[in-house]
Structures are given as structure tokens and as C-alpha cells.
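Asks: Just to be clear, the model below is a prediction. Sequence and coordinates:
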Amino acid sequence: MAPRNVALVGIGKIAVDQHVPAIAASADWHLAATVSRQGSVPGVPAYTDLAAMLEAHPEVETVSLCLPPVPRFAYAEAALLAGRHVMLEKPPGATLAEVHELAALAAEQGVTLYTTWHSRMAHAVAAAKAWLADKAVIEAHITWREDVRKWHPGQDWVFEPGGMGVFDPGSNALSILTHILPQPVHLTAATLTFPENRQTPIAADLTFSGNVTADFDWRQTGPQTWDIAVETDRGPLVLRMGGNVLELHGKPVAGEASIMGEYPALYARMAELVAAGQSEVDLAPMVHVADALTLGRRIVTDPFHF
Ligand code: NAP
């Protein structure tokens, strides 16, 4: 089958690091246009306005949105209203309600909406889910500590309302947790640490039902830690490297320490969804984020500057 035409919107860090190479390597997709106020991709028709691109490119059936969450809704709504399939970067919106609205609109328009969670596509996540399926979870702990200056250099939006602060990476951990646990959990308490000059937390400690806890911190320099440790009635499971490496009973058994498979897998899934005429909208990770921001106790810490 001929590749499907996709337009990328918001040519910034993640578009350049992951979306452009994933599309280029895929037989399913052809990058037909970009929309970005400043960014572009060499050799690809570039627009600064979404409506102009949609009008000029009726062959673009799918629009993939790589913008930060706050500006994303208006672009998603316009693309759906124009009858195009839409793929959303994570987290899928700035609020839960706007994603519910987009899901309803996609259904009305008869097009696909896909709320991607790239960490769910990490190499060892499916194996972890399969192993846990018939186990009883006794406790679980997430340690998600990374360096905001490395992953979001100069991106002030992460500290603005709707940017979600440390929940931007934390939602990756929660997307894996909500996918692999055999029983759902809900948040019962949270402590959120805000830099005194910023609107969103730089660290968070979360407690869930079922003896599940999480420690998110954006101030870790040097080696980065993206681990989920689960104790079960039949021994321990640990997912390391953001879900890319699986250890059972203390020994590595599956995966590889590379994140480069995640975005190709997202585009393969989008091709399947479009072909099947289906949507995939999962807000479970974002529900936990919203609950943490609802229940969280606030601690104020030193100002943060990039
Ligand atoms: P980014 O580089 O700061 O933003 C992407 C692009 O969006 C910008 O270059 C900008 O392009 C456009 N944009 C920004 N604010 C806008 C606004 N108010 N209105 C219209 N366009 C705007 O961010 P990113 O790191 O790529 O992250 C984007 C999304 O990908 C986030 O949801 C993030 O969670 C997710 N993500 C990021 C990473 C990562 O490592 N950084 C990893 C996985 C997922 P123009 O200036 O050209 O318009």
C-alpha cells in the first residue's frame, strides 16, 4: 500500500529527535507537510498556519501534533473539524475535559484520534505486563528522576500553568504503571515541591492505593533513573530505563537499553488504527496527574532557572 500522508505540527525538540526519524523510517507514512511558527524539516513543504496547510494539502489525511499540551487543543480541534485523523503527543491535553471533547468530536467526524503514550511502547513493557497478569502485586515503587535542563532545555512552558512540571516525565511512568498493573490503583496522597518562582512542581511524592508509591524529581544530574519496581506473590519485577529493560528475580531477561523503538511503534499503531477506522483514547495516566494536583500538599523550594 502507498504510504499515508501525515503532517507534523510543532517542529521542536521531540519532533526533530523522534517523530521525523520515525516517519522517515516507516513504510506506512510519508511526511507531506509541516506547520510551525519557526521550525521546519528540510525538503518538506512548511507552513506557519494550520488552516493554510489543510487547505493546500487535501491529501494529508493525518495530522500529528508535537506541540506542548496547552496550545495543542485548538490545533487538534481544527484538524478534526477538517476531517483529518489526529495523533496527540503525551500528555494528550492540558486538561481531561478537552481530551474528552476531542474524543467526542473524532467520533462525530468518523476519524481516528490516538492519544499516544510513547513509554508504553518501550521494549520491555509488553513482557512486564504479560508476566504480571497472573500475579498478586504486594507493593510497587516508581523512581523517575531526570534532569529537566537536559530534556527540556530552556522550555519555560513546562513551568507555566498546564505545563505539568515534573508530571511531564512522570506521566511516562504513570502510562507504564497503568498499563502493566493487573488491578487499577488510585491516588490517595501527594506532596508537590514547587520552585518559589514557578507555577508547576519540580518534584512529587505520590501514594496510591495497593501499596504503590512514586518519587518524581527533575533535579537529577548525571545518570538518569527511570525505574518501576514491583514486588509480587511470586517474586520481584523491575522495569529499568523507562520500560526498556526487564529484570525478573534480580536478573535482566528482556529488552534493550535504547528508547529509539518507541516512536516507530507509535506510528505503526496509528497506521493500524487509521486502517481499522478506530480511535485509541486512554486518559488513565492523566487522571493520576490531575488527582495529584488536586490532593497535593505544597512545599516551596529554591527558585529554578534554566
Ligand atoms: P518544544 O520543543 O518546546 O515545543 C515544540 C514546538 O511547539 C516548538 O518548537 C514550537 O514550534 C511549538 N510551540 C510551542 N509553544 C507553542 C504555542 N504556544 N503555540 C504554537 N506552537 C507552539 O517541546 P517538546 O520538547 O518538543 O515537547 C512537545 C511535546 O512532546 C510535549 O507534550 C512533551 O511532553 C512531549 N515530549 C517531549 C519529549 C522531550 O524529550 N522533550 C519527549 C517525549 C515527549 P514553533 O516555535 O516553530 O511554532
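Replies: Good, I have the coordinates. Computed from a prediction, not measured in an experiment: that's the story for all the values here. Residues are numbered from 1 along each chain as shown.
Asks: Tell me who's in contact with A190.
Replies: A204, D205, L206, T207, D291, A292, L295, G296, R297 (CB atoms under 8 Å, 6 or more residues apart in numbering). (Glycine included, C-beta is placed from N, CA and C.)
Asks: Give me the nearest residue to the fourth one, chain neighbours excluded.
Replies: Translated: T207. The shortest distance from T207 to any non-neighbouring residue, by CB to CB, 6 or more residues apart in numbering, is to A189 (4.3 Å).
Asks: Partner strands of the helix or strand harbouring the one you found, with direction?
Replies: According to DSSP states H and E, A189 maps onto strand 187-195. Within its sheet, and counting by DSSP bridges, strand 187-195 is paired with strand 203-208 (antiparallel), strand 297-301 (parallel).
Asks: Stretch 174-193 vs the ligand: in contact?
Replies: No: Stretch 174-193 does not reach the ligand (CB under 6 Å from any ligand atom); its nearest approach is 10.9 Å.
Asks: Kindly apply the preceding question to stretch 99-111 instead.
Replies: No: counting by CB under 6 Å from any ligand atom, the ligand has no neighbours in stretch 99-111; the shortest distance is 12.7 Å.
Asks: Next, the buried residues of that stretch.
Replies: Buried residues in stretch 99-111, counted by 16 or more other CB atoms under 10 Å: V99, E101, L102, A103, L105, A106, Q109, V111.
Asks: any residues touching that stretch, and which ones?
Replies: Contacts with stretch 99-111, where a contact means CB under 8 Å, 6+ apart, come from 73, 76-77, 80-81, 83-86, 88, 92-93, 112-113, 115, 277, 279, 281, 283, 286.
Asks: Okay, now stretch 17-32: how far is its last residue from its first?
Replies: Its start and end residues considered, stretch 17-32 measures 18 Å (CA to CA, to the nearest Å).
Asks: Please write out the alpha-carbon positions of the worst-scoring helix or strand of the chain on mean pLDDT in CSV.
Replies: Among the helices and strands of the chain, strand 251-255 carries the lowest confidence by mean pLDDT, DSSP states H and E, at a mean of 84. Taking C-alpha atoms only, strand 251-255 is exported to CSV below (Å, rounded to 0.1, in the frame of the first residue of the first chain):
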residue,chain,number,x,y,z
LYS,A,251,18.2,-10.8,36.5
PRO,A,252,17.8,-8.9,33.2
VAL,A,253,15.6,-11.1,31.0
ALA,A,254,14.3,-8.9,28.2
GLY,A,255,14.6,-5.6,26.4
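Asks: ok, residues contacting that strand?
Replies: A122, H123, A124, A127, M241, G243, N244, V245, L246, E247.
Asks: Among the residues you listed, which one is most surrounded by other residues?
Replies: G243 (31 neighbours; other CB atoms under 10 Å).
Asks: Name the nearest residue to it, ignoring sequence neighbours.
Replies: A122 (3.1 Å).
Asks: quick one: pLDDT of the one you found?
Replies: For A122, the pLDDT comes out at 96.
Asks: can you redo the strands paired with strand 187-195 as CSV with mean neighbour count?
Replies: Below are the strands paired with strand 187-195 laid out as CSV (neighbours: other CB atoms under 10 Å):
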stretch, mean neighbour count
strand 203-208, 22
strand 297-301, 12
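Asks: between the buried residues of stretch 99-111, which is nearest S26?
Replies: Among those, V111 lies closest to S26 (CB to CB), at 20.0 Å.
Asks: still on that earlier bit, which residues belonging to the strand holding A189 are considered buried?
Replies: L187, A190, T191, L192, T193, F194, P195.
Asks: right, and out of those, which lies closest to P42?
Replies: Of the buried residues of strand 187-195, the one sitting nearest to P42 (CB to CB) turns out to be P195, at 37.5 Å.
Asks: residues touching the nearest residue to the closest one once chain neighbours are set aside, list them.
Replies: Counting by CB to CB, 6+ apart, F304 is the residue found nearest to P195 once chain neighbours are left out, at 3.7 Å. F304 makes contacts with V148, F159, P195, N197, R198, I202, as judged by CB under 8 Å, 6+ apart.
Asks: right, and the secondary structure at the fifth one would be what?
Replies: This points to R198. With DSSP: H, G, I helix; E, B strand; the rest coil as the basis, R198 sits in coil.
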